[in-house]
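K.L.:
got a sequence here, can you build the structure:
(one chain, ligands or ions: 2)
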Amino acid sequence: MDYINIALAKGRLGDEAYKLLKAIGLGESIVPESRKLIFKDEERKISFVYVKPSDVVTYVQNGVADLGIVGKDVILESDNDVYEILDLGFGKCKFAVAGIKGKKTYKKDEVLRVATKYPTIAKKYFDEKGQKIKIIKLNGSVELAPLVGLSDVIVDLVETGNTLKANGLEVFEDMFGITAKLICNRVSYRFKYDRISKLIESIKEWEGMYYEDN
Ligand SMILES: Nc1ncnc2c1ncn2[C@@H]1O[C@H](COP(=O)(O)OP(=O)(O)OP(=O)(O)O)[C@@H](O)[C@H]1O
Ligand SMILES: O=P(O)(O)OC[C@H]1O[C@H](OP(=O)(O)OP(=O)(O)O)[C@H](O)[C@@H]1O
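P.N.:
Ligands and ions are numbered 1, 2, ... in the order given. Here you go, the predicted structure:
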């Protein structure tokens, strides 16, 4: 039997994915707190690689991983072609335009400076609104940008709103919601169809039980 290889994101989504895999009996080989990057389960013929969230799509696109668990934000930001097969429900948050509380003064005819980790998503959003922007690409702590005058607004993920609040910012515009997705390599989906569909069925059963309890 062929191995099924799954790419998991390090960090918060990886932790949720691990819980899911344990619950459906496939996470036995993973030691989450270790520094190891690859875990093989010979008995179940399944293996896992731990990579940066933004690299999950690359591993799946190239067929090194058959499946991946990653946020919709990362899928939208990448230009890779992967098959999105299941909404996993966890990792729930939204994209928003935010800025300094009470200072939503931007105008259509002025160039808006937008700080973000997600330049593609931000550009598409403002293009559709006909708003001219200048993107300032950051890699984290995006909320700092308006506070120090680096940008007028930010485009970022908001879950509880605590990070915005703690920094005196507020949501100016809600964009859209996101969750974690199970993605699949298109060739793997055809050639490993039986095993992949079984796995999808187990996840769906888990989702049914999980979301009833929560
Ligand atoms: N506050 C949040 N609440 C819920 N889900 C979130 C939140 N922030 C990010 N996510 C989801 O979790 C994924 C991974 O987030 P995480 O914070 O672990 O990594 P990151 O800091 O974005 O990655 P990197 O290490 O590449 O900078 C995101 O792509 C998104 O889908
Ligand atoms: O609404 P909240 O519940 O406060 O969550 C939102 C924060 O979570 C994410 O940051 P993350 O923790 O990934 O840190 P980062 O700045 O490195 O992206 C996101 O970029 C926001 O900063």
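K.L.:
who's in contact with K123?
P.N.:
When contacts are counted by Cβ atoms under 8 Å, 6 or more residues apart in numbering, K123 is found next to 133, 135. The way it works is simple: take the backbone N, C-alpha and C, and place the C-beta from them, glycine included.
K.L.:
E33 should be in a helix, yeah?
P.N.:
No: the assignment for E33 is coil, going by DSSP: H, G, I helix; E, B strand; the rest coil, so no helix is present there.
K.L.:
how close does it get to ligand 2?
P.N.:
Distance from E33 to ligand 2, counting by Cβ to the nearest ligand atom, to the nearest Å: 19 Å.
K.L.:
dihedrals phi and psi, that residue?
P.N.:
With angles defined as degrees, to the nearest 10, E33 sits at phi -80, psi 0.
K.L.:
how many residues are close by it?
P.N.:
5 (other Cβ atoms under 10 Å).
K.L.:
just D109 next, same as before
P.N.:
That count, for D109 with other Cβ under 10 Å as the rule, works out to 6.
K.L.:
count of neighbours near the residue in the chain positioned nearest to ligand 1?
P.N.:
Of the residues in the chain, the one nearest ligand 1 is G71, at a distance of 1.9 Å by Cβ to the nearest ligand atom. Residue crowding around G71 was assessed by other Cβ under 10 Å; the count is 24.
K.L.:
give me phi/psi at it?
P.N.:
Note on G71: backbone dihedrals following degrees, to the nearest 10 are phi -70, psi 150.
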